[in-house]
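In: the sequence and its predicted three-dimensional model are supplied below.
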Amino acid sequence: MNLIPLFIAIPLGVAFILALLGKLKEVVSDLLAALSTLSLAILSFVLIGQLKTHGIFVYIVGKWTPPWGINLVLDGLSLLMLIIINTVAFLVIIYSVSYMKKFTAKSRYYALFILMLAGMNGVVLTGDFFNLFVFSEIAAISSYALVAFGVEAEELEASFKYMVMGSIASILILFSVGLLYGLTGSLNMADVGRMIQGKRNVLLSFSMTLFLAGFGLKAAVIPFHAWLPDAHPSAPAPISAMLSGVLIKALGVYALMRIFFNVFGMGLQLYWTFMILGCVSMIGGGLLALRQEDLKRLLAYSSISQIGYIILGLGCGNYWGIMGALFHLLNHASFKSLLFLNSGAVEYSTGTRKLEKMGGLSKVMPVTGATSTIASLSISGIPPFNGFWSKLFIIIGLIQAGHFVLAVITILASVLTLAYYLRMQRYAFFGKLREGLEKIKEAPSLMSFSVIVLAIICLGVGILFYPVMKIVLEPAVGVLQEGIRYSSLVLGG
Amino acid sequence: MIFFLCFVIFLIGLYCVIVKKNILKIVIGIAIMEYAVNLFLILLGYRWEGVPAIVTETVTQAKFVDPLPQALVLTAIVISVATLALMVSLCIRIHQRYKTFDITKIRRLKG
């Protein structure tokens, strides 16, 4: 039985049903959302075994063979993304059951959330440029609505800003898809890749530039980052976790990887572009995070910085660089969503996000305090947590490629990360308990459940990094290293 | 030439988004950009003196226009309608909260 279409069909169907359930009891929509995301998460793990025997799955929609029809492609890279997206989505849904109680219209929230999930799964699975655009729009439009979900002044402002930038990005992407169609007469990624192999002309470079700008905007790499520090903190905490942990990777980084590595084929100039963009966002995001007073804003800037690491690792182009980048992508999804969920728990209990108004929260909120410490240590790259390994691999990749200066900069940026996370920990969780905060309680158990699972993932992936590397990451690295051979794998021949 | 004009429309839209202060005008700018891209897609499939791509008994060897971009544009229009509707509704909500459409006065987020 072919499982691939289910990743798009289940969430689309569930989102539709949830939207209709508006008037019914909340428990029904809680259960439905949790069960559907749980089943998707389990399905994505089931596919690991299946993919091992097959190598690559191509699902042809409606019996039209690829160059004309639509196809869904599942390879190592897509599978890695599917696992990340669906696991984080399930944990975030569990968390939202308690957290979203203060908002009205919870079933609408679930409907939008799961629609966003459908869009992301679609982006990751599709093998077709136009569907990439359509699915990324589905995910993006529901995320605009989710950022504005609280309809307070700040949320609306952030959402409008996000929406303007996001729409420009989508228009650039559509323009570029049109250009490629004009040049090759095909929309299938594999087919386009085969036709433009070895060709270089002005229009092709123009379309690459448009893709870089469009997906760069969605990934919030630094010259295009302005929307992220507003949009991510303003959204409700589970949505921030989803946006920062998963959405910018699925829509931005994944699409960049797929298009530049597998369709256009990387060249020396592109490697340098990736490395420079990555380096600038890594340092810039880190420096900007250092002076933030708002807890969630600090985390948002840190996301920009960590995306920088991923792009920089991709720019190395060798095995260890790409391995480090993909590993960091997986790790960032785990610890950044954990941190955002914890910031939500802090906001839920204390009612503030300002760092100066917190202090000593570890004493009254032991679970939140402990898990944030784990996440902060992971993200700063302290062994044996998972962040250490991915940063180490990126640095090994840079040294192998002969970029010693960049390797030193990466180490310095890692120290910078440690600096702002220590600052956050010191203000919020360590030290003496601030007056007036004695009465607050730990977050509800469902919220604690999600953060504990994420913390276990952080620690577990760090200790068992070798099997994770071999089982999940190596096929994904293989896909990127094969480069433009992708087209012959998909089309067969 | 005509593609160049299409690009000019696109740039007019971009100018509108970047320069204008009124949020409704920004929304209009985005709409103009979307129309420019849709026009571009339609023009890609256009053939001089072409006929609709429907094969019948009488029309078999004719020069067909490319039907695929038309299908794409339909989809793109539907998506842009969704975006526009959400944007305009956001503008209404923003006006309720801030009592203004001026983007320079809607600035509570900074840092």
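Out: All right, it came through fine. Residues are numbered from 1 along each chain as shown, chains lettered A, B, ... in the order given.
In: alpha carbons only for contacts and neighbour counts from here, please
Out: OK.
In: what residues sit buried inside the top helix by length along chain B?
Out: Using DSSP state H, we find that the single longest helix of chain B is helix B:67-98. Across helix B:67-98, burial judged by 16 or more other CA atoms under 10 Å in any protein chain shown covers B:68-70, B:72-73, B:76, B:80, B:83-84, B:86-88, B:90-91, B:93-95, B:97.
In: do the same with stretch A:268-286
Out: Buried residues in stretch A:268-286, counted by 16+ other CA under 10 Å: A:270-271, A:273-286.
In: what lies in contact with it?
Out: A:221-222, A:301-317, A:406, A:410, A:413, A:416-417, A:420 (CA atoms under 8 Å, 6 or more residues apart in numbering or on different chains).
In: please save the CA atoms from that stretch in PDB.
Out: The C-alpha trace of stretch A:268-286 is given here as PDB (Å, rounded to 0.1, in the frame of the first residue of the first chain):
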ATOM      1  CA  LEU A 268      31.200  27.500  -6.800                       C
ATOM      2  CA  GLN A 269      29.300  30.900  -6.800                       C
ATOM      3  CA  LEU A 270      26.300  29.300  -5.200                       C
ATOM      4  CA  TYR A 271      28.400  27.700  -2.500                       C
ATOM      5  CA  TRP A 272      29.900  31.100  -1.700                       C
ATOM      6  CA  THR A 273      26.500  32.800  -1.700                       C
ATOM      7  CA  PHE A 274      25.200  30.200   0.800                       C
ATOM      8  CA  MET A 275      28.200  30.500   3.000                       C
ATOM      9  CA  ILE A 276      28.100  34.300   3.100                       C
ATOM     10  CA  LEU A 277      24.400  34.400   3.700                       C
ATOM     11  CA  GLY A 278      24.800  31.800   6.400                       C
ATOM     12  CA  CYS A 279      27.700  33.500   8.100                       C
ATOM     13  CA  VAL A 280      26.000  36.900   8.100                       C
ATOM     14  CA  SER A 281      22.800  35.500   9.600                       C
ATOM     15  CA  MET A 282      24.700  33.500  12.200                       C
ATOM     16  CA  ILE A 283      26.600  36.500  13.500                       C
ATOM     17  CA  GLY A 284      23.900  39.100  13.000                       C
ATOM     18  CA  GLY A 285      21.100  37.100  14.600                       C
ATOM     19  CA  GLY A 286      23.400  36.300  17.500                       C
END
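In: quick one: average pLDDT of that stretch?
Out: Computed over stretch A:268-286, the mean pLDDT rounds to 91.
In: go on, stretch B:97-110?
Out: The model assigns stretch B:97-110 a mean pLDDT of 82.
In: stretch A:87-103 now?
Out: On average, stretch A:87-103 scores 90.
In: ok, stretch B:74-87 next?
Out: On average, stretch B:74-87 scores 93.
In: who's in contact with it?
Out: Here stretch B:74-87 has contacts from A:134, A:137, A:141, A:145, A:160, A:163, A:167, B:27, B:31, B:34, B:38, using CA under 8 Å, 6+ apart.
In: so which elements touch the helix or strand containing residue A:123?
Out: Using DSSP states H and E, residue A:123 sits within helix A:106-125. Under the contact definition 3 or more CA pairs under 8 Å, 6 or more residues apart in numbering or on different chains; DSSP states H and E, helix A:106-125 sits against helix A:6-20, helix A:26-54, strand A:70-74, helix A:76-99, helix A:129-147.
In: that helix versus helix A:6-20: what angle between them?
Out: 160 degrees (axes from the mean of the first three to the mean of the last three CA atoms, to 10 degrees).
In: tilt between helix A:106-125 and helix A:129-147?
Out: 150 degrees.
In: pLDDT of helix A:106-125, averaged?
Out: 92.
In: export that helix as CSV, just CAs?
Out: Presented in CSV, the C-alpha positions along helix A:106-125 are these (Å, rounded to 0.1, in the frame of the first residue of the first chain):
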residue,chain,number,x,y,z
LYS,A,106,-10.3,26.3,19.6
SER,A,107,-11.5,24.1,16.8
ARG,A,108,-10.8,26.9,14.3
TYR,A,109,-7.3,27.1,15.7
TYR,A,110,-6.9,23.3,15.2
ALA,A,111,-8.3,23.6,11.7
LEU,A,112,-5.8,26.3,10.7
PHE,A,113,-3.0,24.4,12.4
ILE,A,114,-3.6,21.2,10.6
LEU,A,115,-4.1,23.0,7.3
MET,A,116,-0.6,24.4,7.9
LEU,A,117,0.6,20.9,8.5
ALA,A,118,-0.9,19.8,5.2
GLY,A,119,0.8,22.6,3.4
MET,A,120,4.2,21.7,4.9
ASN,A,121,3.8,18.0,4.2
GLY,A,122,2.9,18.9,0.7
VAL,A,123,5.9,21.1,0.2
VAL,A,124,8.2,18.4,1.4
LEU,A,125,6.7,15.7,-0.8
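In: run through the residues of the stretch 251-400 of chain A sitting next to chain B.
Out: Residues of the stretch 251-400 of chain A lying close to chain B by CA under 8 Å from any CA of the partner chain are residue A:292.
In: repeat the analysis, applying 6 Å as the threshold.
Out: By CA under 6 Å from any CA of the partner chain, no residue of the stretch 251-400 of chain A approaches chain B.
In: all helices for the stretch 251-400 of chain A, in order.
Out: According to DSSP state H, counting those that start in this stretch, the stretch 251-400 of chain A carries its helices in the segments A:255-257, A:268-290, A:295-316, A:319-350, A:361-364, A:366-380, A:386-400.
In: adding distance to residue A:79 as columns, could you present those in TSV?
Out: As requested, the helices of the stretch 251-400 of chain A are arranged in TSV below (distance: least, CA to CA, whole Å):
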stretch	distance to residue A:79
helix A:255-257	14
helix A:268-290	23
helix A:295-316	18
helix A:319-350	12
helix A:361-364	37
helix A:366-380	24
helix A:386-400	19
